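Visitor: Predicted model and sequence below, questions to follow.
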Amino acid sequence: MPQSFDLFFVSSDYQKYKEAKKILHSFGIRLGFFKYELEEIQSSSLKEIASKKAAQAFQKYKKPIIIEDDGLFIDSLYGFPGPYSSYVFKTIGNKGILQLLTQNRKAKFVSIISFYDDKNSKSFEAKIYGNISKIQTGKGWGYDPIFMPKNSNKTFAELTNKNELSHRYKALKKFSNWYLHKLESNDQ
Ligand code: IMP
């Protein structure tokens, strides 16, 4: 039976949706999915990329939506690949990233969640600091097999509680606080 949702996640990436759905479910929010590849503008600002994508998605679906844009920023590479993380993953991949690094392996993962409906356009940013592992470990998607959160010797791919501490979790938590409060004030 088709389900009715109040909020939709628009992305071409099912993995991201799966995690976002699980996280938002823990805050009592049901999240639907529109699988669609949004156009990405060229910009060095993740926030600008995300808010343009959200506007585009709302134009298409005319429903309250969130979209997510992420970036992996590696210290010794001056923040590269950052806003180019998706392209870099598709080209050189985790293997290529590992070949670029030597001593300093510090990095951060940034998530921007952008919400858009007929009244609001709002973005929420969160980051998680960590290190790039020396080898790929665990079976995970994207950069999960090489990103180890701070104070952990396991990669995201090996952790069982990634969804309780990731960049995505933190950004969605900020979003949920705002969104649930908004729903509450609309009810009054
Ligand atoms: P996007 O541009 O927002 O799709 O994400 C940039 C890149 O980061 C893509 O290659 C994603 O697969 C990757 N990515 C985003 N979030 C995660 C994550 O939680 N784990 C692993 N890779 C991720």
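Guide: Noted; the coordinates are in hand. Residues are numbered from 1 along each chain as shown.

Visitor: In terms of secondary structure, what does the biggest helix by length in the chain contact?
Guide: In the chain, taking DSSP state H as the definition, the longest helix is helix 167-187. Contacts defined by 3 or more Cβ pairs under 8 Å, 6 or more residues apart in numbering; DSSP states H and E place helix 167-187 against helix 14-26, strand 65-74, strand 106-116, strand 121-132. Any C-beta I mention is one placed from the backbone N, CA and C, and that applies to glycine too.

Visitor: Could you check the pLDDT of residue 69?
Guide: The per-residue pLDDT reported for residue 69 equals 97.

Visitor: And for it, nearest residue in space, chain neighbours not counted?
Guide: Using Cβ to Cβ, 6 or more residues apart in numbering and skipping residues adjacent in sequence, the residue nearest residue 69 is residue 50, 3.9 Å away.

Visitor: To which secondary structure element is that neighbour assigned?
Guide: According to DSSP states H and E, residue 50 maps onto helix 46-61.

Visitor: any idea of the angle that helix forms with strand 106-116?
Guide: 30 degrees (axes from the mean of the first three to the mean of the last three Cα atoms, to 10 degrees).

Visitor: Show me which positions of helix 46-61 end up buried.
Guide: 46-58 (16 or more other Cβ atoms under 10 Å).
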